[in-house]
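**Student:** return atomic coordinates for the entry below.
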Amino acid sequence: GPYIVRRTQSAQLPVYRHLKSGGNRAVIVIKKIDGDRRRLLGDMVEGLGLKLDGVRINPTTQNLEVKVRCVSL
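**Tutor:** Here you go, the predicted structure:
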C-alpha cells in the first residue's frame, strides 16, 4: 500500500492523546507512519469526516496530528 502505520514493540498502535487548554482540547498523535503521509491524512479526512483544518502533518516529527474538542459529560 501507499502507507503503513507500524505497531510499537509491545504490538500496540502508536496513537496517543495529548490534552491541551486544561483538558478542553486534545490532539491525537499518530506516530510510526511509513510511506505517503499525505495520502493517509486524506484518507482519514474522507473516511472519518474530519475537517481539513483540524488535521496536519507535524513538519518536525512527521507525525499526523488531529485536533479534537473534549466534551465533558
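**Student:** what helix or strand is Met44 located in?
**Tutor:** With elements taken from DSSP states H and E, the one containing Met44 is helix 37-48.
**Student:** same for that helix, what does it pack against?
**Tutor:** In terms of contacts (3 or more C-beta pairs under 8 Å, 6 or more residues apart in numbering; DSSP states H and E), helix 37-48 is packed against strand 3-5, strand 55-57, strand 64-69. (C-beta placed from N, C-alpha, C; glycine too.)
**Student:** what comes into contact with it?
**Tutor:** Defining contact as C-beta atoms under 8 Å, 6 or more residues apart in numbering, one finds that helix 37-48 is touched by 2-3, 5, 30, 33, 50-52, 55-57, 62, 64, 66.
**Student:** count of neighbours near the closest residue to Ile30 other than its chain neighbours?
**Tutor:** Using C-beta to C-beta, 6 or more residues apart in numbering and skipping the chain neighbours, the partner closest in space to Ile30 is Leu64 (4.2 Å). Burial of Leu64 is recorded as 22 neighbouring residues (other C-beta atoms under 10 Å).
**Student:** where in the chain is pLDDT low?
**Tutor:** Judged by pLDDT under 70, the chain has its weakly predicted residues at 1, 71-73.
**Student:** contacting residues around the closest residue to Gly35 other than its chain neighbours?
**Tutor:** Distance criterion C-beta to C-beta, 6+ apart; nearest residue to Gly35, sequence neighbours excluded, is Tyr3 at 3.5 Å. Tyr3 is in contact with 33-37, 39-40, counting by C-beta under 8 Å, 6+ apart.
**Student:** just the buried residues of these.
**Tutor:** Buried by 16 or more other C-beta atoms under 10 Å: 33, 37, 40, out of the contacts of Tyr3.
**Student:** same list (those) but as TSV, adding distance to Lys20.
**Tutor:** Formatted as TSV, these follow (distance: C-beta to C-beta, whole Å):
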residue	distance to Lys20
Ile33	22
Arg37	22
Leu40	23
